[in-house]
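Engineer: got a sequence here, can you model it:
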Amino acid sequence: MLKIAVLVSGGGTNLQALLDSQARGENPDGRICLVVASKPGVYALERAANAGVESCVVSRKEYADSAEFDEALLQVLQQHQIDLVVLAGFLSVLGPRVIQAYPRRILNVHPALIPSFCGPGMYGLRPHQAALARGCKVTGATVHFVNEECDGGPILLQKAVDILPDDTPETLQRRVMEQAEWKLLPRAVAMICSGEIR
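Structural biologist: Residues are numbered from 1 along each chain as shown. Here you go, the predicted model:
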């Protein structure tokens, strides 16, 4: 059984989708063993506690540079013998040390259909604002492997979501989460744990 770490920076809605999927028995080949937050006090840590999952904080601000942060994060992952790393709204950028330690073993979910509206700075409401400003009729979410290019790793799963005429960035964000992110991410994790995706 693969040991999974979920990395979070905020409320943890994608973490909750993963925990709920696990509780339903949808990933018999993997288990969330650790939640790592990039800052203290985020609600995702409460979600972890409610599910009985160990958690810790590794804050970028506490380290002199990104190399030190990477080293600290890697130590935590290795101490817990983590096999698979899932970024679920994790806003710190992973450096080469972490990425090279987990080749094709780090997943990210992005709130757009890559290659649209992705890359540096495209997180939170920004991809949705960009899709609306462009007049897109569909958007969606993408689960991809993480490599050293921001949002540039191989795509695993995508799901399209219709944009409605009266959408705001907030209503669109919510619908993309409900219809795409919360479904795709648990499915991709289960597929990797079962060996269906290598």
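Engineer: going forward, measure contacts between C-alpha atoms and count neighbours the same way
Structural biologist: Noted.
Engineer: all helices of this structure, in order?
Structural biologist: Along the chain, the stretches classed as helices by DSSP state H are 13-23, 43-50, 66-79, 96-101, 126-134, 169-176, 182-193.
Engineer: where in this structure is pLDDT low?
Structural biologist: Within the chain, no stretch has pLDDT under 70.
Engineer: mind checking how far stretch 187-197 is from the chain centre?
Structural biologist: In terms of Cα atoms, centre = their mean, to the nearest Å, the centre of stretch 187-197 is found 15 Å from the chain centre.
Engineer: ignore what I typed, I meant stretch 188-198.
Structural biologist: So, by Cα atoms, centre = their mean, the centroid of stretch 188-198 is 15 Å from its chain's centroid.
Engineer: was I right to think Pro127 contacts Pro115?
Structural biologist: No - Pro127 is beyond contact range of Pro115, at 11.3 Å (criterion: Cα atoms under 8 Å).
Engineer: of the two, who's got more company?
Structural biologist: Shown here are Pro127 and Pro115; by other Cα atoms under 10 Å, Pro127 has more neighbours (25 against 11).
Engineer: ok, Gly140 - contacts?
Structural biologist: Pro111, Ala112, Leu113, Gln158, Lys159, Ala160, Val161, Asp162, Val176, Ala180 (Cα atoms under 8 Å, 6 or more residues apart in numbering).
Engineer: tell me which of the helices of the chain sits nearest to Glu149.
Structural biologist: helix 96-101 (10.2 Å; Cα to Cα).
Engineer: quick check: buried residues in that closest one?
Structural biologist: Neighbour-count burial for helix 96-101 flags Val98, Ile99 (criterion: 16 or more other Cα atoms under 10 Å).
Engineer: just the CA trace of that helix, in CSV.
Structural biologist: As requested, C-alpha coordinates have been extracted for helix 96-101 and formatted as CSV (Å, rounded to 0.1, in the frame of the first residue of the first chain):
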residue,chain,number,x,y,z
PRO,A,96,14.6,20.2,-8.0
ARG,A,97,15.6,18.3,-4.9
VAL,A,98,12.1,17.3,-4.1
ILE,A,99,11.0,16.7,-7.7
GLN,A,100,14.0,14.5,-8.4
ALA,A,101,13.4,12.5,-5.2
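Engineer: quick one: it to chain centroid distance?
Structural biologist: 17 Å.
Engineer: now tell me what touches it from outside.
Structural biologist: Ala67, Asp70, Glu71, Leu73, Leu74, Ile106, Val146, Asn147, Glu148.
Engineer: please repeat the previous calculation with a cut-off of 10 Å.
Structural biologist: Residues outside helix 96-101 that contact it (Cα atoms under 10 Å, 6 or more residues apart in numbering) are 67, 69-75, 77-78, 85, 102, 105-106, 146-148.
Engineer: buried ones among those?
Structural biologist: Here, 16+ other Cα under 10 Å leaves Phe69, Asp70, Ala72, Leu73, Leu74, Leu77, Val85, Tyr102, Arg105, Ile106, Val146, Asn147 buried among the contacts of helix 96-101.
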